[in-house]
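>>> Task: produce atomic coordinates for the following.
(one chain, ligands or ions: 1)
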Amino acid sequence: MSYAFYHDVIRRGHYMWEIEEMHRQYGPIVRISPDTVHVNDPEFIDQIFAGPGKKPLNPFFSKQNIRRLETTVLEVLDRIIQRLDEHVIKKVPVNLSLLYRATTHDIIAKYAFGEDSVCFNRQDLNKPYFESYHKMASIVKINKIKSSTIHNEENDLPESEKSPARLAEEAQNLLAAGTDSTANTLSAITYHLLSNPHILKKLRAELQDAIPEGTVPKISKIENLPYLSAVIQEGLRLRPAVSTRQERVSPDEDLIYTNGKTKMSYRIPAGTCMATSAVLPSRLPEIYPSPEEFRPERFLENATLKRHQLTFSCGTRVCLGINLAYQEMYMILATLFRRCDPWDGTGDQTSMTLELFETTHDDIAIVRDLVTENIKDDSQGVRVTMRDPSISQVDE
Ligand code: HEM
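Below is the predicted model of the structure:
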């Protein structure tokens, strides 16, 4: 049995931590299997991942096309607000992780397949569906996909590539890639904001200035807000959603890696597989002091940090949904935290408040790498108690 198989499969997604330990002992470049070298130096990662991004679905997910999706996002945000109000009235905690999944799912389902409010039309927000991932295929109506925007955007594909089976697979991939990823990062950011009221206070001040009227914001009003942007980058750093080892090969040229500290150089022969997981460079203490700490300011103090993030990958395999993911994160966070203060326990607050409910850091901490990062198996997600002095509550 190979070492990688043992830690990846038998120990369920633990090889990432073993690799991190190897880097601690042996430096930024280590061999992790007979034919794969793992790299944990952002300078060299930039070199390996360089390259143009081009893929068939790109126009469909371009920034311009995603902008047209704003109305859909705004509609879903209205549904979120309704749900939150219902929870306030009933005095029951809200599972924000589930709510975020329902949100990201419904947005991608609407955009890509014309499906309306698959999750929000259900009282349980389709919780059983998220719990049993394998049922995903059943939610996708193949005929709808055939007439969807994806299909229209792929007119230049050969007929064989437009078969129902191929489209269903594509649909399944998009739903899988576009739902949990953004939702997990949002859950982590929410946890950190509510655990750090001083950070949330700064964010709220910025949002109040940008959106004085307090309505659900247009993306153009918020996408350049410095503190909100830093909060999102810090969330992506700590919870990068996709933890898989991203692999690249330099087919023709040998690469030379020079360790910045020791000045030792290594020749990596052409054809060698080079891998890196976005989780590891994001935790390097020499680049991110106190890496476990949620500190958005680090992105304001050092504008080059964002360049080092491998969260959405880059080059030829850059995340297809990057524009959608950013639009969702900006709009959801701005909507929620423009409205809600952290609960201060006094009972004197005049705005809607949020307080973590039976949620600890373990509910957002990455435990394993199963292509996407996973938290502990028995986590209930990030849950909050909401209070709003302007809404009368009823006992359940
Ligand atoms: C915080 C949110 C997200 C993160 C961090 C993220 C990250 C990534 C990363 C790192 C990859 C490359 C994986 C590799 O090289 O093996 C990737 C690929 C991909 N992502 Fe995302 N993603 C996010 C949200 C989304 C969304 C909203 C969509 C919507 C459709 C999406 C669709 C895709 C697709 C289709 C691919 C495969 C691209 C390809 O292989 O050509 N992602 N994502």
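>>> going forward, measure contacts and count neighbours with C-alpha atoms only.
Fine.
>>> I figured residue 14 was touching residue 371, is that so?
No - when contacts are counted by CA atoms under 8 Å, residue 14 is not listed as touching residue 371 (11.3 Å).
>>> Compare the two and say which one has the larger neighbour count.
Neighbours were counted for residue 14 and for residue 371 using other CA atoms under 10 Å; residue 14 has more, 19 against 14.
>>> Quick check: phi and psi at that one.
With angles defined as degrees, to the nearest 10, residue 14 sits at phi -100, psi 0.
>>> Report the distance from stretch 221-234 to the chain centre.
15 Å (CA atoms, centre = their mean, to the nearest Å).
>>> Could you do stretch 363-382 as well?
13 Å.
>>> mind exporting that stretch as PDB, just the C-alpha atoms?
The C-alpha trace of stretch 363-382 is given here as PDB (Å, rounded to 0.1, in the frame of the first residue of the first chain):
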ATOM      1  CA  ASP A 363     -17.700  23.700  13.200                       C
ATOM      2  CA  ILE A 364     -15.600  25.500  10.600                       C
ATOM      3  CA  ALA A 365     -12.100  24.000  11.100                       C
ATOM      4  CA  ILE A 366     -10.800  22.000   8.200                       C
ATOM      5  CA  VAL A 367     -10.200  18.400   9.300                       C
ATOM      6  CA  ARG A 368      -9.700  16.500   6.000                       C
ATOM      7  CA  ASP A 369      -9.000  16.900   2.300                       C
ATOM      8  CA  LEU A 370     -11.600  15.000   0.300                       C
ATOM      9  CA  VAL A 371     -11.100  17.100  -2.800                       C
ATOM     10  CA  THR A 372     -13.100  19.800  -1.000                       C
ATOM     11  CA  GLU A 373     -12.100  20.600   2.500                       C
ATOM     12  CA  ASN A 374     -14.200  18.800   5.100                       C
ATOM     13  CA  ILE A 375     -15.000  19.800   8.700                       C
ATOM     14  CA  LYS A 376     -15.800  17.200  11.400                       C
ATOM     15  CA  ASP A 377     -18.400  14.700  10.400                       C
ATOM     16  CA  ASP A 378     -20.900  15.400  13.200                       C
ATOM     17  CA  SER A 379     -20.900  19.200  12.800                       C
ATOM     18  CA  GLN A 380     -24.400  20.800  12.700                       C
ATOM     19  CA  GLY A 381     -22.900  23.800  10.800                       C
ATOM     20  CA  VAL A 382     -22.900  27.400  11.900                       C
END
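>>> check whether that stretch contacts the ligand.
No - shown here: stretch 363-382 not in contact with the ligand (CA under 6 Å from any ligand atom), separated by at least 8.2 Å.
>>> Which parts of the stretch 1-150 of the chain are strands?
Secondary structure of the stretch 1-150 of the chain (DSSP state E, counting those that start in this stretch): strands at 29-33, 36-39, 94-95.
>>> Take those and lay them out in JSON lines including distance to residue 220 and mean pLDDT.
Output for these, formatted as JSON lines (distance: least, CA to CA, whole Å; pLDDT from 0 to 100):
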{"stretch": "strand 29-33", "distance to residue 220": "41", "mean pLDDT": "95"}
{"stretch": "strand 36-39", "distance to residue 220": "37", "mean pLDDT": "96"}
{"stretch": "strand 94-95", "distance to residue 220": "29", "mean pLDDT": "95"}
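>>> The ligand: which of those strands is closest?
strand 36-39 (14.3 Å; CA to the nearest ligand atom).
>>> who's in contact with that closest one?
Residues external to strand 36-39 that are found in contact with it (CA atoms under 8 Å, 6 or more residues apart in numbering): 19, 28-32, 45, 272-276.
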